[in-house]
Each structure stands twice: as structure tokens, then as C-alpha cells.
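> got a structure for you, letters missing:
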């Protein structure tokens, strides 16, 4: 005699746990009044240079911390520590992205209760980080001119989920087939609401608009 | 991609509902994965037996259904299923801007359990 068989309807997203953890991270950040920014891009777009220039502009106004995620090496954390800001290096152990669990662990080890603004520098990758909510307050991605104006079409999810797109390395536009108009139009097709800011992290050109966005959003979060 | 962590989460979700419903054994797990999820069903199948070994799901069958992508044209509001996602223009107005309504998620749709008679 067989045991009765029953079908149980579930419809639960495999990301459900991560999404719940991400919401928990955000709730904690609100309580602690710490604004967490998820910074993403492909390798070489200028995340670390952008970060160093951002630190230079803001470190005397807000208490900053940086969480560096890399598969290996402490190059970035060392550069950031030299800039005079508290840094922690998270080694992902080969993982291609960060998720809410890892972010929560990082925040615990780092101790962010006394910080106003923390940047989570995600792994350099346009694919995987877009899929995982880290629990950050806002997210920004950097598209650099040499990468091409068609990237928003080739990596739609990344452009879709961010609050800001920084178009970096505008100083080298004359040397590449990069149309700012096409890039902006392509981004708008996937994300009508994102703030798009052309900058040159190396020289500081265009940076004030980015710093202003940060000031406004840090203030709003920490109110 | 990320099929391994996905399979582990599928098993975890199935186990949770199986336990909640007094299951003795799980015979079948049905997973739906969107056309735009990047999930490769073949890899889920390949990893499944190892993931369920030693659990209530050991020996169970995994079925993976694909859910078509649904896009909504940002210009005229038409809802459509694109043939090629890389150039997904609206079939009505040709617009290239869209909002993704469905097709990026992976979820555990249902499980088939054998109930434990002794708990009746």
C-alpha cells in the first residue's frame, strides 16, 4: 500500500532568502544612520580611482569607510588606507559577486555604527553583481569611455538596477568611437530614472555633480 | 549561471515545505526558470543528485520549466515576448525601450510529496 501523494504549490523565488537578508541589512543601516553605496563596474573602469577622488572630496565632511571586495590581493585596501580612510578587504574566496549575507558579515567585522558613509566596492564584473541585492542603500555603476557606448544594451540588468551611472574617462573620448548621446540614450532605454554623470576621475572633471548627489543622498538616508 | 548555489537553495526551499507538510519523502520538484534568468537547466539537472543526496529529496526527480520573457514597450505599452533579447524591438511600434515584466526569476513552483501516514 503506497503512502498518499500530494502536490504542494510553493512559488518561492530562489532569491527570497537573499532579498530578506538585504532588507534586514537596509533596516540596520537606517537605524545606525550609515549610508551604504554598492559600487560596481567591469575591471579597469576606474572604481578605485573614483573612490580615491571621492574620499579626497568628502572625508572631511563625513565619516567614511570602504569595504573592498576582491577575489584576491590587498592592493585596493592599501591604496584606500593611504588616503586616510578606514578600509577592510573582503576576500570573496573566488565568488564573482557579493550578496547580502557577505555584506552583513563585512559590516559586522568592519564596525560601521560610527560611520556616516560606507562604500562597498563590489567585484569587477558586469554580470553577477547585478543579480544579488547586497542590502546597500543605493547603487552606482561606472561605465568607462573605452568600453563603448553599446554596453547598456549588452549588459541590461546591470544598467537597469543602478541609481547612478558614472561615465568615466571622458578625457579620452577623442580617441574612441564613443558617442555620449548614444550612451545616454542606451542607458535610458533600460533605466529611465538613473542619474547619468560624465566624469574624469583622474582629473576631477565633472566630479562636483557626483559629490553633490552623494551629499544629498547621504543626508536623506541619515536623517 | 550560479547553478550550484541555486540548486542548494532549491533543495533548501523544498525541504522547508516538505517538513511543514509532514512529508516522508519528496518524489518530484518542479522549478520554473525565466528565459532571461541566465540559468542553464542542464547544469541544474547535473548538480541535483549530489545536492539531494542524504536528504528527504534523495531519489526525487527535478523538472525544469522555462518561463517566457514578457516585456512591456516603454513607448506604446504593448506587452510582447521577444524572439531575440539582444534586439528586442516592440512588434507594434518598433520602440527599443522596454520594461521587463517577467522572465528573470527562478523559483520553486511545486513539490510532490509522499505523506507520512503515521502522522495522520
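Great, that's in hand. All values derive from a computational prediction rather than experimental measurement.
> in chain B, which spans are strands?
B:23-34, B:61-67, B:70-73, B:79-80, B:98-102, B:106-115 (DSSP state E).
> residues from chain B in reach of chain A?
When proximity is defined by CB under 8 Å from any CB of the partner chain, chain B lies next to chain A at B:1-2, B:6, B:9-10, B:12-14, B:17-18, B:21, B:24-25, B:27, B:38, B:74, B:86, B:96-98, B:100, B:104-117. C-beta coordinates here come from the backbone N, C-alpha and C atoms, glycine included.
> quick one: mean pLDDT for stretch A:84-91?
Throughout stretch A:84-91, pLDDT has a mean value of 86.
> which residues touch that stretch?
A:55, A:59, A:64-72, A:74, A:76-77, A:80-81, A:98, A:102, A:106, A:109-110, A:115 (CB atoms under 8 Å, 6 or more residues apart in numbering or on different chains).
> please apply the same query to stretch A:129-139.
A:15, A:18-19, A:21-26, A:29, A:35-40, A:96-100, A:102-104, A:120, A:122-123, A:155, A:157-158, A:160-164, A:217, A:221, B:2, B:38.
> any of those residues buried? List them.
Among those, those buried by neighbour count (16 or more other CB atoms under 10 Å in any protein chain shown) are A:15, A:18, A:21-22, A:25-26, A:29, A:35-40, A:96-100, A:102-104, A:120, A:122-123, A:155, A:157-158, A:160-164, A:217, A:221, B:2, B:38.
> now, which of those residues lie within helices?
Among these, DSSP state H puts A:18, A:21-22, A:25-26, A:29, A:100, A:102-104, A:157-158, A:160-161, A:217, A:221 in helices.
> which one among those gets closest to residue B:66?
Using CB to CB, residue A:157 comes nearest to residue B:66 of those, at 18.0 Å.
> find the nearest non-adjacent residue to the closest one, please.
Excluding the flanking residues, the one nearest residue A:157 by CB to CB, 6 or more residues apart in numbering or on different chains is residue A:130, at 4.3 Å.
> look up how far residue A:52 lies from the one you found.
To residue A:52, residue A:130 is 24 Å away according to CB to CB, to the nearest Å.
> just residue A:138 next, same as before
Separation of residue A:138 from residue A:52 (CB to CB) stands at 20 Å.
> now do residue A:24
Distance from residue A:24 to residue A:52, by CB to CB: 31 Å.
> what's the neighbour count on residue 46?
You didn't pick a chain, so chain A it is. Per other CB atoms under 10 Å in any protein chain shown, the neighbour tally for residue A:46 reads 21.
> think we crossed wires, I meant chain B
Neighbours around residue B:46, by other CB under 10 Å: 13.
> likewise residue B:26?
25.
> thought it was touching residue B:61?
No. Using CB atoms under 8 Å, residue B:26 is not in contact with residue B:61, being 9.5 Å away.
> skip the chain neighbours and tell me the closest residue to the spatially most central residue of chain A.
Using CA atoms, centre = their mean, the residue of chain A that lies closest to the mean C-alpha position is residue A:39, 2.0 Å off. Using CB to CB, 6+ apart and skipping residues adjacent in sequence, the residue nearest residue A:39 is residue A:121, 5.0 Å away.
> for beta bridges, what are the partners of that neighbour?
residue A:39, residue A:68 (DSSP bridges).
> just list the residues touching residue B:89, thanks.
Taking CB under 8 Å, 6+ apart, one finds B:82, B:95-96 in contact with residue B:89.
> next up, phi/psi of it, please.
Recorded main-chain torsions at residue B:89 are phi -80, psi 150, according to degrees, to the nearest 10.
> follow-up on the earlier one: just the pLDDT for the residue nearest to the centre of chain A.
For residue A:39, pLDDT reads 95.
> can you give me the buried ones in the helix or strand bottoming out on mean pLDDT in chain A?
Every helix and strand in chain A was compared by mean pLDDT, DSSP states H and E; the lowest is helix A:75-82, with a mean of 79. If you call a residue buried by 16+ other CB under 10 Å, then helix A:75-82 has these buried ones: A:76-77, A:79-81.
> regarding chain A, what is its longest strand?
strand A:5-13.
> what sits against whichever residue of chain B sits closest to chain A?
Residue nearest to chain A within chain B: residue B:97 (4.0 Å; CB to the nearest CB). By CB under 8 Å, 6+ apart, residue B:97 lies in contact with A:188-190, A:192, B:73-75.
> residue A:80 too?
Going by CB under 8 Å, 6+ apart, residue A:80 touches A:48, A:51-52, A:55, A:66, A:68, A:87.
> picking that back up, and the least confident helix or strand of chain A, how far out from the chain middle?
Here helix A:75-82 is found 18 Å from its chain centre; the criterion is CA atoms, centre = their mean, to the nearest Å.
> right, and the helix or strand after it?
The element immediately downstream of helix A:75-82 (helix or strand, assigned by DSSP states H and E) is strand A:86-91.
> what angle sits between that next one and helix A:75-82?
Angle of strand A:86-91 versus helix A:75-82, following axes from the mean of the first three to the mean of the last three CA atoms, to 10 degrees, is 170 degrees.
> name the element the residue in chain A positioned nearest to chain B belongs to?
The nearest approach of chain A to chain B comes at residue A:189, 4.0 Å away (CB to the nearest CB). Per DSSP H and E: residue A:189 is located in helix A:180-190.
> which parts of the lowest-mean-pLDDT helix or strand in chain B are buried?
Least confident helix or strand of chain B, by mean pLDDT, DSSP H and E, is strand B:98-102 with a mean of 89. Across strand B:98-102, burial judged by 16+ other CB under 10 Å covers B:98, B:100, B:102.
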